[in-house]
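Chemist: Sequence plus predicted model, see below.
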Protein chains: 4
Amino acid sequence: MTGAQPTTGAQTARKKRANGVESRQRILDATVEIAGERGYEGTSIAAVSAKCGLPASSIYWHFKDKDDLIAAVIERSFESWLQAVELPGADAGTPLERATLMAVGVAKSLVDAPDFLRLGLMLALERRPTEPRGRTVFLQVRDIASRRITDVVRELFPDLDDASVAVLTTYAVAGADGLFIQREVHGDAIDLLAMFELHARLVHDAAVRLTGTE
Amino acid sequence: MTGAQPTTGAQTARKKRANGVESRQRILDATVEIAGERGYEGTSIAAVSAKCGLPASSIYWHFKDKDDLIAAVIERSFESWLQAVELPGADAGTPLERATLMAVGVAKSLVDAPDFLRLGLMLALERRPTEPRGRTVFLQVRDIASRRITDVVRELFPDLDDASVAVLTTYAVAGADGLFIQREVHGDAIDLLAMFELHARLVHDAAVRLTGTE
Amino acid sequence: MTGAQPTTGAQTARKKRANGVESRQRILDATVEIAGERGYEGTSIAAVSAKCGLPASSIYWHFKDKDDLIAAVIERSFESWLQAVELPGADAGTPLERATLMAVGVAKSLVDAPDFLRLGLMLALERRPTEPRGRTVFLQVRDIASRRITDVVRELFPDLDDASVAVLTTYAVAGADGLFIQREVHGDAIDLLAMFELHARLVHDAAVRLTGTE
Amino acid sequence: MTGAQPTTGAQTARKKRANGVESRQRILDATVEIAGERGYEGTSIAAVSAKCGLPASSIYWHFKDKDDLIAAVIERSFESWLQAVELPGADAGTPLERATLMAVGVAKSLVDAPDFLRLGLMLALERRPTEPRGRTVFLQVRDIASRRITDVVRELFPDLDDASVAVLTTYAVAGADGLFIQREVHGDAIDLLAMFELHARLVHDAAVRLTGTE
DNA sequence: TATGAATGAGGTTTCATTCAT
DNA sequence: TATGAATGAAACCTCATTCAT
């Protein structure tokens, strides 16, 4: 909603002018990078401070504590990931074509903006007694994304019963997570686009079969 | 005095048997639990010490350093996971039956012994400059498991070319990882066995299609 | 954004009247409360800011620094304590009656406005290398109060020599301090009025004896 | 040879030998001194570390946290104060003589070992939401001391009813506290022994009067 | 085979304060 | 008359590790 302001503000000649918005962005930028590599515990405020150039105490002006910072990172990187996903127009093509389009869009977004999912999965796998807020936030936004998949499945296969829709959604998300991990581990050896196309086709076939079964 | 209370309370006559093997096990047990909850960085020697009742210095008698400890945990939990997997006899049934049997075996093992994969995935997702040995170990043993899948695929579908086998293996592993994560996140709301059965069928169908295509 | 939320919640039309005097009062009110609970070091500007709703920088607009703030608090709470003491008319009654009246007045004031003495005694007991100005102020105003007692003693017992007057004054103040502490520690279990009446009587008797002795 | 080692600590030829008991004492010694001057918040671990020569982390080996350290200081300094009080034999003299003897003993102990009471009163005056354990400990040991006074009063004046004994005990303790504060504030200008003698006499007289009244 | 004691480095967070607006 | 933003210093505490016993 803030329009596109990717370029950090106007290049005013004097940069020492206190600029809260820009500082906040710089902190978040630095944090995404580090937390995406090292996870929650591995992200030290000192490292973030070093990377963004602001002293640690300034980070605490913008964020209550580390938990708050990580949660903010999750929120922001979810939003930018959402933008990276090219939502295919709800219009044309066979179900298979449309499923494939969607899968390819997601695959591309994961190649371009992998931070969100990498950090999120790290948080999701943890089972700390006191759950970091970032984990909660991740699971929430992930749930939103999940519901969109549910909607699409339901639209493409209107005859499916709820249980089947749920199963397919779960399987679709699981495949995406798993393929993402393969790509993270094996790098370019994995052709993520091709794998997601296969995934789309298999989910599609499963949907067709489940429809017929009923 | 404060430092990590060793033997809880009074000196019960027992326990005087300084038993290296048992101590090692206690340390590993404590470490699996903590590392499975909090990941590599989140696992502090002090926490392990508190949980197993041995002083931190004793941990260093058994393990060279933290890296070594985590790697040992990965190794041990891989072995106990291997034992949990019921390797189906290479004998009977149609390919679909055999694939399903295998998938179900893996699913059960992941429900019973989830530590290996949970901790392993956390390590796998991290990208720290100096890679922990535990991560290397995990990727290695995972590679071993991966190759077994490759073997089975090749055996069940002898006509498939190498590339297709690789794709199916990747997809099979990815699905397993992804479904495991769903289960970790949503708990019993996910029927892991049913999902793995579906997974087996879809991979099987894909194999069939890929065979025909050639 | 995190830093010390200023105006709680929505901008109610009110409050726009930037009123220096009122802000100053709010800051002092907050500071009395916190400093009376936690002493000099325990009183952080951030805590005062949180309690009074004004940002920390505003506190520095009203007061030069923390020392200045605490000193101002001491001054103000001394004044309000002075008002709480009902100075008995210098007119009627026997020495014992007048001493008792005075003691009761002080006791009541300490029950109603204990901040001055509580914070003051905390400061008085500390011995830091660079003495806070608040401590100096407290000791000064306390000295003023002390001299009034001296005057009354001298008036009630004109025959006493200076040394005896000094001893009685010291003892009177000490008793007041000590009884106040008892009350602070034991709360309503201490009947401060009764104890101060006893104190008045004992000081009176001492004065009588010292007069006779000479 | 240990020749290369830097020169911290005791002058014994070999100093590097880990000696828990002595270290603990050194830490406590340093802490009494600092906390007695600056109170709870004013006592920084870094300052204690600097004064005792041990690194901050070593302090945390011996004490769980700052709270624990301060509480230990209170306990130890109470014990050494108890030893400093010369408990007069329960045998000889008139009640006044015995009360005076006792008061003089306390006065001397307060001159020689004032840390206990100074720090304790600072803690006692604070009203933090989460009470430091040191405060609790102080109030407890103070209660013990208070009960001893009760016993003595009861023994010297067996005819007093319980309420009167309680009042006299409260007054006796209050006077001691107050006189101690006067001494802390005015230094040698206060003849603490003489003041305590006066205090003993006044309490004694009050006891006599209260006995007669009944 | 173990462990009590120690330690330097670094962790998160709070501190009092300043300054441009 | 205020305040958003920033900051260096220092707070408390935990870290992984070592070493003499």
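Modeler: In hand now; what should we look at? Numbers count the residues shown, from 1 in each chain, chains lettered A, B, ... in the order given.
Chemist: Can you name the residues of chain A sitting close to chain C?
Modeler: When proximity is defined by Cβ under 8 Å from any Cβ of the partner chain, chain A lies next to chain C at A:20, A:24, A:60-64, A:68. Just so you know, the C-beta spots here come from the backbone N, C-alpha and C atoms, and that holds for glycine as well.
Chemist: among those, who's most crowded?
Modeler: residue A:63 (23 neighbours; other Cβ atoms under 10 Å in any protein chain shown).
Chemist: Distance of the closest residue to that residue other than its chain neighbours relative to residue A:34?
Modeler: Leaving out its chain neighbours, the residue that sits closest to residue A:63 by Cβ to Cβ, 6 or more residues apart in numbering or on different chains is residue A:69, at 4.2 Å. Counting by Cβ to Cβ, to the nearest Å, the separation of residue A:69 from residue A:34 is 11 Å.
Chemist: Give me the common contacts of these two.
Modeler: residue A:48 (Cβ atoms under 8 Å, 6 or more residues apart in numbering or on different chains).
Chemist: Which other helices and strands does the helix or strand harbouring residue A:116 contact?
Modeler: Secondary-structure assignment from DSSP states H and E places residue A:116 in helix A:115-125. Secondary-structure packing of helix A:115-125 (3 or more Cβ pairs under 8 Å, 6 or more residues apart in numbering or on different chains; DSSP states H and E): helix A:20-42, helix A:66-84, helix A:133-156, helix A:162-186, helix B:115-125, helix B:162-186.
Chemist: how distant is stretch A:112-120 from the center of its chain?
Modeler: Centre-to-centre, stretch A:112-120 and its host chain are 5 Å apart (Cα atoms, centre = their mean, to the nearest Å).
Chemist: ok, now stretch A:170-189?
Modeler: With Cα atoms, centre = their mean, you get 13 Å for stretch A:170-189.
Chemist: and that stretch, is it in reach of chain B?
Modeler: Yes - between stretch A:170-189 and chain B, judged by Cβ under 8 Å from any Cβ, the touching residues are A:170-171, A:173-179, A:181-182, A:184-185.
Chemist: Selection in PyMOL covering whichever of those are buried, please.
Modeler: In PyMOL, this line selects whichever of the residues of stretch A:170-189 next to chain B come out buried by 16 or more other Cβ atoms under 10 Å in any protein chain shown:
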select buried, chain A and resi 170+171+173+174+175+176+177+178+179+181+182+184+185
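Chemist: Same list (the residues of stretch A:170-189 next to chain B) but as CSV, adding pLDDT.
Modeler: Listed next are those as CSV, based on pLDDT from 0 to 100:
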residue, pLDDT
A:170, 97
A:171, 97
A:173, 97
A:174, 98
A:175, 97
A:176, 97
A:177, 97
A:178, 98
A:179, 98
A:181, 97
A:182, 97
A:184, 95
A:185, 96
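Chemist: any idea which of the helices and strands packed on helix A:115-125 is most buried?
Modeler: Most buried of those, by mean neighbour count (mean count of other Cβ atoms under 10 Å in any protein chain shown): helix B:115-125, with a mean of 25.
Chemist: Tell me how far the residue of chain A found nearest DNA strand F lies from DNA strand E.
Modeler: Using Cβ to the nearest atom of the strand, residue A:20 is the residue of chain A that sits closest to DNA strand F, at 2.3 Å. Between residue A:20 and DNA strand E the computed distance is 12 Å (Cβ to the nearest atom of the strand, to the nearest Å).
Chemist: try residue A:148
Modeler: 33 Å.
Chemist: Do I have it right that residue A:81 meets residue A:116?
Modeler: Yes - with contact defined as Cβ atoms under 8 Å, residue A:81 reaches residue A:116; the gap is 4.2 Å.
Chemist: what does stretch A:103-120 contact?
Modeler: Outside stretch A:103-120, the residues within contact range by Cβ under 8 Å, 6+ apart are A:32-33, A:35-36, A:39, A:70, A:73-74, A:77-78, A:80-81, A:84-88, A:134, A:138, A:142, A:176-177, A:179-180, A:183-184, A:192-193, A:195-197, A:199-200, B:125.
Chemist: Centre of the chain to the helix or strand encompassing residue A:111, how far?
Modeler: Secondary structure assignment for residue A:111, by DSSP H and E: helix A:95-112. Chain-centre distance of helix A:95-112: 14 Å, with Cα atoms, centre = their mean.
Chemist: Okay, buried residues for that helix please.
Modeler: By 16+ other Cβ under 10 Å, the buried positions in helix A:95-112 come out as A:95-96, A:98-110.
Chemist: hmm, which two among those are most spread apart?
Modeler: Pairwise distances across these peak at 22.5 Å for A:95 and A:110 (criterion: Cβ to Cβ).
Chemist: which stretches of chain A have low pLDDT?
Modeler: A:1-18, A:86-91, A:213-214 (pLDDT under 70).
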